[in-house]
Structure formats: C-alpha cells, structure tokens
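J.: how would this look folded up:
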Amino acid sequence: MLRRALYLALLLLLLAAGWLFHYVTTPMRGGRSDYPVAFSVEPGITLKGAARDMAQAGVLQQPWAFVLLGRIKGAAAEIKAGSYAVNGPVTPLDLLRKITVGETALGKLTVPEGWSFAEMRGAIDAHPGLRHDSAAMDEGQLMQTLGAKGSHAEGRFFPDTYFFDLGSSDLALYKRAYKAMQRKLDAVWRTRAPGLPYNSPDEALTMASIIEKETGAPEERPLIAAVFLNRLKIGMRLQTDPTVIYGLGARYDGSLHKADLLADTPYNTYTRAGLPPTPIALPGVDALRAAVNPEASRALYFVAKGNGHHVFSDNLDAHNRAVNRYQRGY
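T.: Prediction:
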C-alpha cells in the first residue's frame, strides 16, 4: 500500500510538472484576434491583483496558475508598474518576464515645428494611447492646471517627438511640452544679442513663431529675423501674411485675398504696428535662436523665389524688382 501511494504521488507530481511546463511555455490565445492588446500594472499592486487585471484585459488565462508560477520563480515582489502591450499570444513565462523586467510599452506623438496649438491639441485628443484628462477643459483651464494661469496657450509648447507610457495622462504630456518650451526660451533669452527691441522673453517667443511660419529653410531664419527686427526698430509694420492668416482663424479659405489684408484683427500686421498680441505657432529651437540672434543685415524686405528660399532687399526698389522677377515673371 505504501509503495502504491508513493507511485501515485510520484505520478501526480510528474503530471503536475508536465502540466505546469505545458502551461508556462504555451502561448495563451483566449480567442483574441484584436492585437496588440494594452494593459496596465498599477503601482503597489500584488501579483494576484496584477494577474486578475491581466486576465480581465484578455492577455492571461488561469490567473491562479500565473500567480503560482510567479511564486515558484520568486518574482512575486518584483513586478514593475507601468503600461504594457502584447502584440500576439504570449506564454505565461514571457508575460512574467515582461512585467518583472519592466518592458513597458511606449506611445509616441510628434508635434512638428510650426503647428498651431489647436493642431497639437487635436493630435493629442485623437491619440488612442493617452488618457484624455483634459478633454473637458477649455484653454484657460488647461493652462491653469499647468501652472500658467492667464497665459495664452499658443506658442507655449515645444514641438518635438514625445514618448510616453500607454494609458498615461495627456496632462503629463502637456506639462512636459510646456516645461520644455520654458527651458528653451529661458536658455536662448540669456544668449540674446544687445539692442533688440523686445520688452520680454514672451515677445521673442512671438517673433520666433512668425519666423517659424515664414520659412522652412533653417539657414534663412536669422535673416528673416533681421528683416522683422529692422522693421520694428524703425516703426515699420511687419506686414507678414502668417499673422493675418492666424487672425482669420476658420475664415481662412486657403488663399489670402486683398480684403483679408485690409480686415483689421489684433493679428493683422498690415493694419497694426508692432508684434501681434501672442505667438501664432509653436516655434522650434532654430527659430527661437534666430529671434534673439538675428543676422547682421539692413534688409527690410524679402520675397519667395518659389523653391523654399527668399530674395532679401535693403530698399523698396530692389524689392519690387525681385517681386516682378519671382512673383510676376517679368
């Protein structure tokens, strides 16, 4: 009887070991076809709680067996909080490794230089990997939440590629972009050339946004800056189309008309002197640098050549000749 009992116990042990080996090395399918699947491991959660949440997300079957595996491996206290994703059926062993190593899944969002804040917010609102905590906030509430009460949102966020844990708050991304712009602006302001007609770093930020919208050629930005700063110094209106377009908002139909240039708004630099009241876009670091360190030039005018570059002129006669050549084909 004792020998039979030992044989039976050994058989059961072998069967259990075989089942466990099969369990930990077999990809869990669960009937899913909608991969990738995202899930979160919350800070401070137990292995049992994490297994339960992963089972609810559809990436884990038999959570009790997963807990047993974790305890056998001595990994119960090693799980890392974060956002994760699986791209297909995964074995319990690989899943345990993923959450103990901290192989988190990252979302990605690129904010191009020259985007408006509205374009940035639209991209953030549409990103499926973010938690949209700012959805019910208007612009003022958002800026107050970021610690910038009373600030206009335009131009206040640095254009860059941002990576983040899937399922993280959009407010965290806004805060990173806001602080990044503050750091960049503070840094370039400390390197500004003497004698610039700015009363504050915010005015330099506004100028940088105009420079950003006026040219896509990085090497031209210091010369574009020189033109606008030369105009400011002599009281000449900036007369730049991007500010007019920004002021038109939804009324802009893709083409600027003479009536648009005559329609007065706070952003129409054909009808109003000085800088517009706020930035008109999100400037990159090259535009920020150009705004505070313009090229040494007496140029007051520029006209597009049609190849992404411009011709710069010191006087109106030379400018008119360039307009005739490059715009009118004379």
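J.: how close does Gly216 sit to Gly284?
T.: Distance from Gly216 to Gly284, counting by CB to CB, to the nearest Å: 11 Å. To be clear about C-beta, it is placed using only N, CA and C from the backbone, and glycine gets the same treatment.
J.: what about these two, which has more around it?
T.: Under the neighbour definition other CB atoms under 10 Å, Gly216 and Gly284 were set side by side, and Gly284 has more, 21 against 12.
J.: so how far is Leu288 from the residue nearest to that one when sequence neighbours are not counted?
T.: Once flanking residues are discounted, Gly284 sits nearest to Glu113: 3.6 Å by CB to CB, 6 or more residues apart in numbering. Remark: distance between Glu113 and Leu288 (CB to CB) = 10 Å.
J.: now do Val227
T.: Relative to Leu288, and taking CB to CB, Val227 is found at 17 Å.
J.: quick revisit: relative to Thr104, how far out is the residue nearest to Gly284?
T.: 28 Å.
J.: again, but for Glu214
T.: When Glu214 is compared with Thr104 (using CB to CB), they lie 41 Å apart.
J.: give me the more crowded residue out of these two.
T.: Comparing Glu214 with Thr104 by other CB under 10 Å, the one with more neighbours is Glu214, at 23 against 17.
J.: grab the nearest non-local neighbour of that one.
T.: Nearest non-adjacent residue to Glu214 (CB to CB, 6+ apart): Ile224, at 5.2 Å.
J.: give the buried residues for stretch 182-191.
T.: Buried residues in stretch 182-191, counted by 16 or more other CB atoms under 10 Å: Gln182, Lys184, Leu185, Val188, Trp189.
J.: residues making contact with whichever helix or strand the second one is part of?
T.: Following DSSP states H and E, one finds Lys184 within helix 170-189. With contacts defined as CB atoms under 8 Å, 6 or more residues apart in numbering, helix 170-189 is touched by 109, 111, 120, 124-125, 127, 130-134, 142, 145-146, 148, 155-158, 160, 162, 164, 201, 204-205, 282, 285, 288-289, 291-293.
J.: next one: stretch 39-51
T.: Against stretch 39-51 from outside (CB under 8 Å, 6+ apart): 53-54, 57, 59-60, 63-64, 66-67, 70-71, 75-76, 79-86, 99, 166-167.
J.: now with 6 Å, please.
T.: 54, 57, 59, 63, 66-67, 70, 76, 79, 81, 83-84, 99, 167 (CB atoms under 6 Å, 6 or more residues apart in numbering).
J.: among those residues, name the buried ones.
T.: Met54, Val59, Pro63, Phe66, Val67, Gly70, Ile79, Ala81, Ser83, Tyr84, Ile99, Gly167.
J.: you'd agree the second one is up against Val37?
T.: Yes. In this structure, Val59 is within contact of Val37 by CB atoms under 6 Å, at 5.3 Å.
J.: before we move on, back to that, next step: the contacts of stretch 39-51 restricted to strands.
T.: Ser83, Tyr84 (DSSP state E).
J.: can you list the contacts of stretch 39-51 in CSV and add distance to Arg328?
T.: Listed next are the contacts of stretch 39-51 as CSV, based on distance: CB to CB, whole Å:
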residue, distance to Arg328
Met54, 67
Ala57, 63
Val59, 64
Pro63, 74
Phe66, 74
Val67, 77
Gly70, 75
Ala76, 77
Ile79, 69
Ala81, 64
Ser83, 56
Tyr84, 60
Ile99, 66
Gly167, 56
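J.: a markdown table for the contacts of stretch 39-51, including distance to Val303 and pLDDT?
T.: What follows is the contacts of stretch 39-51, written out as a markdown table (distance: CB to CB, whole Å; pLDDT from 0 to 100):
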| residue | distance to Val303 | pLDDT |
| --- | --- | --- |
| Met54 | 62 | 90 |
| Ala57 | 58 | 85 |
| Val59 | 59 | 88 |
| Pro63 | 69 | 90 |
| Phe66 | 68 | 92 |
| Val67 | 71 | 93 |
| Gly70 | 69 | 92 |
| Ala76 | 70 | 87 |
| Ile79 | 62 | 91 |
| Ala81 | 57 | 88 |
| Ser83 | 50 | 82 |
| Tyr84 | 54 | 86 |
| Ile99 | 60 | 92 |
| Gly167 | 49 | 80 |
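J.: of all the contacts of stretch 39-51, which comes closest to His22?
T.: Phe66 (14.0 Å; CB to CB).
J.: those helices in the stretch 101-250 of the chain, which residues are they?
T.: Taking DSSP state H, counting those that start in this stretch as the criterion, the stretch 101-250 of the chain carries its helices at 117-126, 139-145, 170-189, 201-214, 221-234, 241-248.
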